[in-house]
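*Asks:* Any chance you can model this:
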Amino acid sequence: MLITNKQSLTALKAALLFFHVAELRDLCVQLSLPKAGTKLSLISRIVYFCETGQIVTELLIPAISRAKRGVLYPLKPDTLMLKGAYKNDLKTRLFFKQLIGEYFHFTAFGIDWLHQRWLNGNPPTYQEFADMWQAEYDRRKKYGSTPKEEWAYINFSQQFFKHHPDATREMLYEAWEYERIRNKKIALAIVSAVSCR
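*Replies:* Model (predicted):
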């Protein structure tokens, strides 16, 4: 039986955010779904399956976005950032500090943007990445930012201390575990209504 109720699907996605990646992979195995991918892709795959009964696999990065073996890709502004050649290391960080400034640091929004460009078959140059990073940094400095939705613990912690400013870390951990267990029960109850293949 598929889940057609939008509220149930929204509740399922929200509850799955409280799962660890290993738990999401276990759930994928139980549903006969592929277990590769990021936390958000695993959640999307489970929700999509519960809604449609169809299996979505991880999107593959096309050859145009991948480095060729034996080819050197120097750290220069006009060099393409390709999967397999780009490294999240000290040398690359120092290079970006030359392009952007000493305040540069690797960020989740930068990595997500790069990965999306790879998936789209449109790898950026290092300069394009630097320009994007600077613009996003300036925007977040001015308007602030919120943690990614898959960072459930960070989001939960912020809300917990906002409502309980005098709480201890032990109280946070206890409340977090309670919410994790509660949300796991919600998700498993919804998923159990779906016929496994």
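*Asks:* switch to C-alpha atoms for all contacts and neighbour counts from now on
*Replies:* Noted.
*Asks:* Please look at Val47 and Ala11 and confirm they touch.
*Replies:* No: assessed by C-alpha atoms under 8 Å, Val47 is found out of contact with Ala11, at 10.0 Å.
*Asks:* any idea how far stretch 143-154 is from the chain center?
*Replies:* Chain-centre distance of stretch 143-154: 11 Å, with C-alpha atoms, centre = their mean, to the nearest Å.
*Asks:* Need the CA coordinates for that stretch. CSV is fine.
*Replies:* These are the backbone C-alpha positions of stretch 143-154, laid out as CSV (Å, rounded to 0.1, in the frame of the first residue of the first chain):
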residue,chain,number,x,y,z
TYR,A,143,21.2,37.8,6.5
GLY,A,144,22.5,34.9,8.6
SER,A,145,21.9,31.2,7.8
THR,A,146,20.2,28.1,9.1
PRO,A,147,21.8,24.7,9.3
LYS,A,148,20.9,22.2,6.6
GLU,A,149,17.7,20.3,7.3
GLU,A,150,19.7,17.0,7.5
TRP,A,151,21.7,18.3,10.4
ALA,A,152,18.9,17.4,12.8
TYR,A,153,21.0,17.4,15.9
ILE,A,154,22.3,20.9,15.3
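*Asks:* So for that stretch, mean pLDDT?
*Replies:* The average pLDDT for stretch 143-154 rounds to 77.
*Asks:* Three-state assignment for Glu102, please.
*Replies:* coil (DSSP: H, G, I helix; E, B strand; the rest coil).
*Asks:* tell me, how many neighbours does it end up with?
*Replies:* Burial measure for Glu102: 11 neighbouring residues, criterion other C-alpha atoms under 10 Å.
*Asks:* Does the residue nearest the centre of the chain belong to a helix, a strand or coil?
*Replies:* In the chain, the residue lying closest to the centroid (C-alpha atoms, centre = their mean) is Leu40, at 5.2 Å. Following three-state DSSP, the label given to Leu40 is helix.
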